[in-house]
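*Asks:* for reference, the sequence and a predicted model appear below.
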Amino acid sequence: MRKFIVLTLITISIITFAMVGTSFSVDKSIEQCNHDCLQCHKLSNEEAVNVLKGNVPDVKILEIQPAQVKGLWEISIATKGQKGLVYVDFSKKYIISGSLFDIKTKTNLTQERFAQLNKVDVAQIPLDDALVLGDKDAKYRVIVFDDPA
């Protein structure tokens with residue numbers, strides 16, 4: 001009798017876990033999708049501003065592109081003189097603010113993209129009134145910004 005009760009409880013547990021597991025599973029259709037998502041999903045600058053304006057004050061959209069994760073848009077923004085990155089899902093219901101990591105390569109994809117956004121072209125920095133120390137034609141240059149006040 002005890003064996004029957006134990007087997008019945010184990011069977012019920014397995015069925016329950018299977019049902020709960022399927023209700024919390026990740027939508028595999030996104031991962032298995034082989035078509036170009038940009039054919040079905042669009043996000044204009046105006047839509048992005050409308051999605052973000054309640055959460056990010058005075059937001060200016062710099063660039064919108066598909067994120068490296070299917071189902072997400074990567075939006076480069078500027079607000080209050082600062083640049084940043086946020087992610088919005090294709091349904092335009094969710095905003096993700098934070099770092100996106102690639103588990104296999106252990107790289108911070110958001111940080112890499114942020115570095116690209118904030119890259120400074122030193123050739124564009126005017127050096128006419130600069131105080132030059134050392135050889136003017138040196139192979140490497142170090143530019144130091146200072147506030148004398």
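*Replies:* Cool, got the structure.
*Asks:* got the buried residues for whichever strand or helix holds Trp73?
*Replies:* In this structure, Trp73 sits in strand 72-79 according to DSSP states H and E. Within strand 72-79, the residues that qualify as buried by neighbour count (16 or more other CB atoms under 10 Å) are Leu72, Trp73, Glu74, Ile75, Ser76, Ile77. Just so you know, the C-beta spots here come from the backbone N, C-alpha and C atoms, and that holds for glycine as well.
*Asks:* hmm, Thr107 is touching Phe101, no?
*Replies:* Yes: applying CB atoms under 8 Å, one finds Thr107 in contact with Phe101, separated by 7.0 Å.
*Asks:* circling back: what does the strand holding Trp73 contact?
*Replies:* 43, 48, 52, 56-68, 83-90, 96, 113, 117 (CB atoms under 8 Å, 6 or more residues apart in numbering).
*Asks:* looking at the buried residues of strand 72-79, which is nearest Leu131?
*Replies:* The closest of the buried residues of strand 72-79 to Leu131 turns out to be Ser76 (CB to CB; 34.6 Å).
*Asks:* returning to that earlier point: next SSE after the strand holding Trp73?
*Replies:* strand 82-89.
*Asks:* please name the residues that touch Ile95.
*Replies:* Val51, Leu52, Asn55, Val86, Tyr87, Val88.
*Asks:* what's around Met121, how many residues?
*Replies:* Rather than Met, residue 121 is Asp. Asp121 has 6 neighbours, counted by other CB atoms under 10 Å.
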